[in-house]
Structure formats: C-alpha cells, structure tokens
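Student: For reference, the sequence and a predicted model appear below.
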Amino acid sequence: MTEKDRALLVAPAYHAAAQTCTMNNALFAGGTLVIHDGWKGSEPVLQSFQDDKITFFFGPPTMYTFLVNDPNLAQYDVSSLRLAFTGAASLPAEIFKRFKGFFGFEIMEGYGLSETSPVVTTNPFRGTKKIGSIGPAIPGVEVKIFNDNDEELPRGEIGEIVVKGPNVMKGYYNKEKETAEAMRSGWFHTGDMAYMDDDGYVFIVDRKKDTVIRGGLNIYPREVEEAIYTFPGVLEVAVVGVKDEVMGEELKAYIVSREGKELDTDLLKEHCRERLAKYKVPRYIEFVSSLPKTTTGKILKRELRES
C-alpha cells in the first residue's frame, strides 16, 4: 500500500486481522481509511468501492462469497480496486476463481491467529498465488508441519501447523497448563491441519477439532465443502460430523442457497459422488436460510454440531 491507496474497513477493528491488515496498514502507508459501521451486506460495500474509489479491501471469505454472488454486481464500477486480502477462514476455490473472473485480479489469502500477532503466512502480492493455499511463511517466521509426536513431516504429508518467531505470544494470561500445551517443543501449536508443498506453500486441510472420523477413516470437511461449492445455486456451506451408532460419525451438510434457487438433494449428492470418495458424500443435507457466524465472519461449526 502507498499514500495513494484508499482502504475500506468493514470487519471489526477489535479483531486482530482487521486492525492489522486494514486500519494499521492504511495508517502506516499514509493512505486513506474509509470506515463502515460493520458489515451491512454486499450492496454498501460495492457502493463504497464505486463512490469512494476503494483500492484495498480486507474481509473473511464469507464477505467475498456475498460480494461475488450479488445479483447487481455488474452494475457497479469497481475498477479502482487493486488489492484484496482475506484470512480468518479458508477461502473456497470457487470463490477465488469467480472473484478473479469479475475483478480481474486474484485475492491474496493469508493465515494467522491472535496468538501470532496475527499473520503467519500469505500468498505474495507479486509472485505465484496458489489456489487453496495460504502461501509461504512471512519473513522472520518459521512454519513446519508436525505429527502427533511433534516430529516434522515430509513435504506433502498432513499434520499440524506449528509456528516459531518474534510474532508468537509469550503465553495465555494466567493459564500455565494451556500455555505449556500450546508451546510444546518450543513451537506454537495452532490446531490447524495442513500440508506443505515443495515450494513452501501451506495448504490447510481443516481444523484438527473439525476432523470427522467415520468408521475409522479421517474426513476433512473442507474437501467436501469445496465439492459442494461447485454445485450451481450454492451460496454457503458448512459440513460437520454428527453422532452415528454404527459409523461413530456421519457427515451432515448445512447449505444456504442463492436467492431464488431451489436445490435438489439427490442431484447434490450425485454431484458429490462424482467428485469425492463414496464415504465422503454427506449422508444428511439440510437447507438453511443462514449459517451461524462470529462477528468476524467465521462460521460457528460448534453451534451446528450442537443443533
């Protein structure tokens, strides 16, 4: 960013990512910061892109999902926008492609946690952006993939993301046990499952706690969600594990359809069977009007599991 940039702050500034990636970023660059009183939908954001000549936008994947699915998207002049950044959750590949198709450039996806101040990795502004990847580690930060014994795994194998660097917290306040568990072996354990390719780019598979074990087989819901996102008419999807007496857990997909679209369960399951192993096809599908989210746009899968 430079002093000529105009950044739009929509995500709450008390959240580390919005504070760092939008507010502090604009102030540090000497640019202009346009502030909205929270997310009110895609229309005010697109209007601001046009009227305020916004050049930089940051938001979670949920916001981009609504932006690229806005029925009036083509009516807005968004030609000033040159930088788009996302984090807080995994960006669906379908949204990445649709954004590039309309806006003409690629979203930069990054990754981080409050415990890491908050950025750990990011796809570069100049250089290769890999679909489905959160990019390589930022300068000065080390990232590895560990197994359950805190041993580094070879490239391409799935394990837990661990982080070391000056951005990592000293510990949880007054929580010695939790701190010791998170900082095992001198590395901060994120709880996120991923693999790293030969170029050092990290690909998140899912949260460790979101992994579904069906009949002894690990299923990462994100893979299933990516397949469902390619089905015409799907706006949002969240896949969780639900208890089953025979298999231990079964998959259930909660789906929000685009406005005016009525989806067929059988066709959707057939769509999944063509793209996924049989045991990864959701047994249950429920269509809902919306998905529970945090104020930062993260889908609350815990609430879905408990519903």
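Tutor: It's in.

Student: List phi and psi for the spatially closest residue to residue 62 that is not a sequence neighbour.
Tutor: Closest residue to residue 62 in three dimensions, ignoring its sequence neighbours and counting by Cβ to Cβ, 6 or more residues apart in numbering: residue 297, at 4.0 Å. Every C-beta, even on glycine, is put in place using the N, C-alpha and C of the backbone. Main-chain torsions, residue 297, degrees, to the nearest 10: phi 100, psi 0.

Student: give me every residue that touches residue 297.
Tutor: Neighbouring residues of residue 297 by Cβ atoms under 8 Å, 6 or more residues apart in numbering: 11, 39, 59-63, 88-89.

Student: out of the residues you listed, which are inside helices?
Tutor: The helices, defined by DSSP state H, take in 61-63 from these.

Student: Identify, from the residues you listed, the entry nearest to residue 236.
Tutor: Closest to residue 236 out of these is residue 62 (7.2 Å), distances taken as Cβ to Cβ.

Student: quick one, domains of the chain?
Tutor: By the assignment in automatic domain parsing, the chain contains the domains 6-106, 142-205, 211-306.

Student: what pLDDT does the residue nearest to residue 62 get?
Tutor: Looking at residue 297, its pLDDT reads 81.

Student: now swap in the one 4 residues further on and tell me
Tutor: pLDDT, the model's per-residue confidence, is 92 for residue 301.

Student: pretty sure it is in contact with residue 238, am I right?
Tutor: Yes: in this structure, residue 301 is within contact of residue 238 by Cβ atoms under 8 Å, at 5.9 Å.

Student: okay, these two: which has more neighbours?
Tutor: residue 238 (23 against 20; other Cβ atoms under 10 Å).

Student: show me the contacts for the residue nearest to residue 135 when sequence neighbours are not counted.
Tutor: Spatial nearest neighbour of residue 135, chain neighbours left out: residue 123 (3.7 Å); criterion: Cβ to Cβ, 6+ apart. Counting by Cβ under 8 Å, 6+ apart, residue 123 makes contact with 106, 108-110, 129-130, 133-135, 201.

Student: Against residue 85, how distant is residue 123?
Tutor: Going from residue 123 to residue 85 by Cβ to Cβ, to the nearest Å gives 9 Å.

Student: what do those two both touch?
Tutor: Contacts common to residue 123 and residue 85, judged by Cβ under 8 Å, 6+ apart, are 108-110.

Student: Now neighbour count and pLDDT too, for these, in JSON lines please.
Tutor: Below are the shared contacts of residue 123 and residue 85 laid out as JSON lines (neighbours: other Cβ atoms under 10 Å; pLDDT from 0 to 100):
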{"residue": "108", "neighbour count": "20", "pLDDT": "95"}
{"residue": "109", "neighbour count": "26", "pLDDT": "95"}
{"residue": "110", "neighbour count": "22", "pLDDT": "95"}
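
Student: ok, back up a step: against residue 86, how distant is the residue nearest to residue 135?
Tutor: Noted for residue 123: a distance of 10 Å to residue 86, by Cβ to Cβ.

Student: Kindly report the same for residue 268.
Tutor: 26 Å.

Student: Between those two, which is the more surrounded one?
Tutor: Neighbour totals were compared for residue 268 and residue 86, and residue 86 leads with 29 against 22 (other Cβ under 10 Å).

Student: Show the residue spans covered by the strands in the stretch 101-250 of the chain.
Tutor: With DSSP state E, counting those that start in this stretch as the criterion, the stretch 101-250 of the chain has strands at 108-112, 119-122, 142-146, 159-164, 188-196, 202-207, 212-214, 217-219, 234-244, 248-257.

Student: Of all those, which one is nearest residue 176?
Tutor: Nearest to residue 176 among the strands of the stretch 101-250 of the chain is strand 188-196 (15.4 Å), distances taken as Cβ to Cβ.

Student: what's downstream of the lowest-mean-pLDDT helix or strand in the chain, the next helix or strand?
Tutor: When the helices and strands of the chain are compared on mean pLDDT, DSSP states H and E, helix 16-18 comes out lowest with a mean of 87. For helix 16-18, the following helix or strand on the C-terminal side (DSSP states H and E) is helix 25-29.

Student: what's around the nearest residue to residue 232 once chain neighbours are set aside, how many residues?
Tutor: Nearest residue to residue 232 in three dimensions, chain neighbours excluded: residue 261, at 7.8 Å (Cβ to Cβ, 6+ apart). Residue 261 is flanked by 11 other residues according to other Cβ under 10 Å.

Student: My guess is residue 261 contacts residue 233. True?
Tutor: Yes: the pair residue 261 / residue 233 is scored as a contact, 3.7 Å apart, by Cβ under 8 Å.

Student: ok, back up a step: want to try CSV for the domains of the chain, with distance to residue 119 as columns?
Tutor: Output for the domains of the chain, formatted as CSV (distance: least, Cβ to Cβ, whole Å):
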stretch, distance to residue 119
domain 6-106, 7
domain 142-205, 7
domain 211-306, 15
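
Student: If anything else comes up later, I'll come back, but that's it for now.
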